[in-house]
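# 3D model of this:
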Amino acid sequence: MSRETQKKLEAVKMWFLRRMLRIPWTQEKSNERVLKEAYARRSLINRVRKRQAKFIGHDIRRDGLEHLVPTGMLEGKRSRGRHRVKILDGLTSWLGAQRVTEILSTMKDREAWRGMMANAMEQGTG
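Model (predicted):
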(Lines give C-alpha, C1' and ligand atoms only; values in the text may rest on other atoms or scores of the structure.)
Protein backbone atom coordinates (compact mmCIF):
# COMPACT_ATOMS: atom_id res chain seq x y z
CA MET A 1 0.00 0.00 0.00
CA SER A 2 1.44 3.36 -0.94
CA ARG A 3 1.85 6.26 1.48
CA GLU A 4 -0.73 8.25 -0.44
CA THR A 5 -3.29 5.49 0.00
CA GLN A 6 -2.46 5.22 3.71
CA LYS A 7 -2.98 8.97 4.13
CA LYS A 8 -6.33 8.76 2.39
CA LEU A 9 -7.42 5.88 4.63
CA GLU A 10 -6.41 7.80 7.75
CA ALA A 11 -8.32 10.85 6.52
CA VAL A 12 -11.46 8.79 5.91
CA LYS A 13 -11.10 7.18 9.34
CA MET A 14 -10.93 10.59 11.01
CA TRP A 15 -13.87 11.81 8.94
CA PHE A 16 -15.92 8.80 10.08
CA LEU A 17 -14.95 9.33 13.72
CA ARG A 18 -15.89 12.99 13.55
CA ARG A 19 -19.25 12.08 12.01
CA MET A 20 -19.95 9.41 14.65
CA LEU A 21 -19.01 11.75 17.50
CA ARG A 22 -21.02 14.55 15.85
CA ILE A 23 -18.13 17.00 15.77
CA PRO A 24 -18.85 19.71 13.17
CA TRP A 25 -16.14 20.50 10.64
CA THR A 26 -16.19 24.14 11.77
CA GLN A 27 -15.07 23.15 15.26
CA GLU A 28 -11.30 23.17 15.46
CA LYS A 29 -10.36 19.95 17.24
CA SER A 30 -7.12 18.13 16.71
CA ASN A 31 -7.11 14.54 15.55
CA GLU A 32 -5.56 13.50 18.86
CA ARG A 33 -8.51 14.93 20.82
CA VAL A 34 -10.97 13.20 18.50
CA LEU A 35 -9.15 9.89 18.98
CA LYS A 36 -9.17 10.36 22.78
CA GLU A 37 -12.93 10.95 22.71
CA ALA A 38 -13.47 7.87 20.55
CA TYR A 39 -11.34 5.77 22.91
CA ALA A 40 -13.21 7.10 25.95
CA ARG A 41 -16.54 6.09 24.43
CA ARG A 42 -15.22 2.63 23.60
CA SER A 43 -14.07 2.13 27.17
CA LEU A 44 -17.52 3.27 28.34
CA ILE A 45 -19.16 0.63 26.14
CA ASN A 46 -16.80 -2.01 27.52
CA ARG A 47 -17.67 -0.92 31.05
CA VAL A 48 -21.39 -1.31 30.34
CA ARG A 49 -20.81 -4.73 28.78
CA LYS A 50 -18.78 -5.82 31.80
CA ARG A 51 -21.59 -4.79 34.15
CA GLN A 52 -24.13 -6.65 32.01
CA ALA A 53 -21.93 -9.74 32.09
CA LYS A 54 -21.51 -9.54 35.86
CA PHE A 55 -25.26 -9.23 36.37
CA ILE A 56 -26.10 -12.09 34.02
CA GLY A 57 -23.48 -14.30 35.71
CA HIS A 58 -25.01 -13.50 39.09
CA ASP A 59 -28.48 -14.20 37.72
CA ILE A 60 -27.54 -17.54 36.15
CA ARG A 61 -25.81 -18.79 39.32
CA ARG A 62 -28.97 -18.24 41.39
CA ASP A 63 -30.78 -21.19 39.76
CA GLY A 64 -34.19 -19.66 40.35
CA LEU A 65 -36.85 -18.62 37.89
CA GLU A 66 -34.80 -15.54 36.97
CA HIS A 67 -32.39 -17.48 34.77
CA LEU A 68 -35.16 -18.58 32.40
CA VAL A 69 -35.41 -15.18 30.70
CA PRO A 70 -31.75 -14.67 29.68
CA THR A 71 -31.39 -18.28 28.58
CA GLY A 72 -34.60 -18.10 26.52
CA MET A 73 -36.11 -21.24 28.03
CA LEU A 74 -39.62 -19.87 28.33
CA GLU A 75 -42.56 -21.93 27.22
CA GLY A 76 -45.08 -20.77 24.68
CA LYS A 77 -45.28 -19.71 21.06
CA ARG A 78 -42.72 -17.49 19.47
CA SER A 79 -44.08 -14.19 18.27
CA ARG A 80 -44.03 -13.27 14.60
CA GLY A 81 -41.19 -11.43 12.96
CA ARG A 82 -37.47 -11.35 13.44
CA HIS A 83 -35.97 -13.04 16.49
CA ARG A 84 -35.01 -10.64 19.22
CA VAL A 85 -31.33 -10.37 20.03
CA LYS A 86 -30.72 -12.20 23.29
CA ILE A 87 -28.36 -10.91 25.93
CA LEU A 88 -26.39 -14.14 25.86
CA ASP A 89 -25.86 -13.86 22.09
CA GLY A 90 -24.29 -10.44 22.56
CA LEU A 91 -22.10 -11.77 25.36
CA THR A 92 -20.89 -14.67 23.23
CA SER A 93 -19.67 -12.32 20.53
CA TRP A 94 -18.11 -9.93 23.08
CA LEU A 95 -16.38 -12.66 25.06
CA GLY A 96 -15.25 -14.53 21.95
CA ALA A 97 -16.94 -17.78 22.91
CA GLN A 98 -17.96 -20.40 20.39
CA ARG A 99 -21.37 -21.30 21.83
CA VAL A 100 -23.85 -20.03 24.40
CA THR A 101 -23.56 -23.34 26.26
CA GLU A 102 -19.84 -22.65 26.76
CA ILE A 103 -20.70 -19.35 28.44
CA LEU A 104 -23.44 -20.90 30.57
CA SER A 105 -21.09 -23.59 31.87
CA THR A 106 -18.42 -20.96 32.61
CA MET A 107 -20.94 -18.78 34.46
CA LYS A 108 -21.53 -21.54 37.00
CA ASP A 109 -17.89 -21.25 38.15
CA ARG A 110 -17.46 -17.70 39.45
CA GLU A 111 -13.64 -17.62 39.20
CA ALA A 112 -13.63 -18.93 35.62
CA TRP A 113 -16.30 -16.37 34.72
CA ARG A 114 -14.27 -13.52 36.21
CA GLY A 115 -11.21 -14.72 34.29
CA MET A 116 -13.16 -14.82 31.01
CA MET A 117 -14.46 -11.27 31.56
CA ALA A 118 -11.00 -9.98 32.52
CA ASN A 119 -9.58 -11.53 29.36
CA ALA A 120 -12.26 -9.87 27.24
CA MET A 121 -11.61 -6.47 28.88
CA GLU A 122 -7.85 -6.87 28.38
CA GLN A 123 -8.24 -7.70 24.70
CA GLY A 124 -10.76 -4.91 24.20
CA THR A 125 -13.07 -7.07 22.11
CA GLY A 126 -16.28 -5.64 21.00
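# which residues touch Asn31?
Counting by C-beta atoms under 8 Å, 6 or more residues apart in numbering, Asn31 touches Met14. Bear in mind the C-beta positions are built from the backbone N, C-alpha and C, glycine included.
# what do you get if the cut-off is 10 Å, keeping everything else the same?
Taking C-beta atoms under 10 Å, 6 or more residues apart in numbering, we find Asn31 in contact with Glu10, Ala11, Lys13, Met14, Leu17, Arg18.
# need those in TSV (columns: secondary structure, distance to Met121 and neighbour count).
Formatted as TSV, those follow (DSSP: H, G, I helix; E, B strand; the rest coil; distance: C-beta to C-beta, whole Å; neighbours: other C-beta atoms under 10 Å):
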residue	secondary structure	distance to Met121	neighbour count
Glu10	helix	27	11
Ala11	helix	31	11
Lys13	helix	24	13
Met14	helix	26	15
Leu17	helix	22	16
Arg18	helix	27	18
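# beyond the helix or strand bottoming out on mean pLDDT in the chain, next helix or strand please.
Least confident helix or strand, the chain: helix 68-71 with a mean of 68, by mean pLDDT, DSSP states H and E. Downstream of helix 68-71, the next assigned helix or strand under DSSP states H and E is helix 87-95.
# buried ones in that following helix?
Counting neighbours by 16 or more other C-beta atoms under 10 Å, one finds that the buried residues in helix 87-95 are Ile87, Leu88, Leu91, Thr92, Trp94, Leu95.
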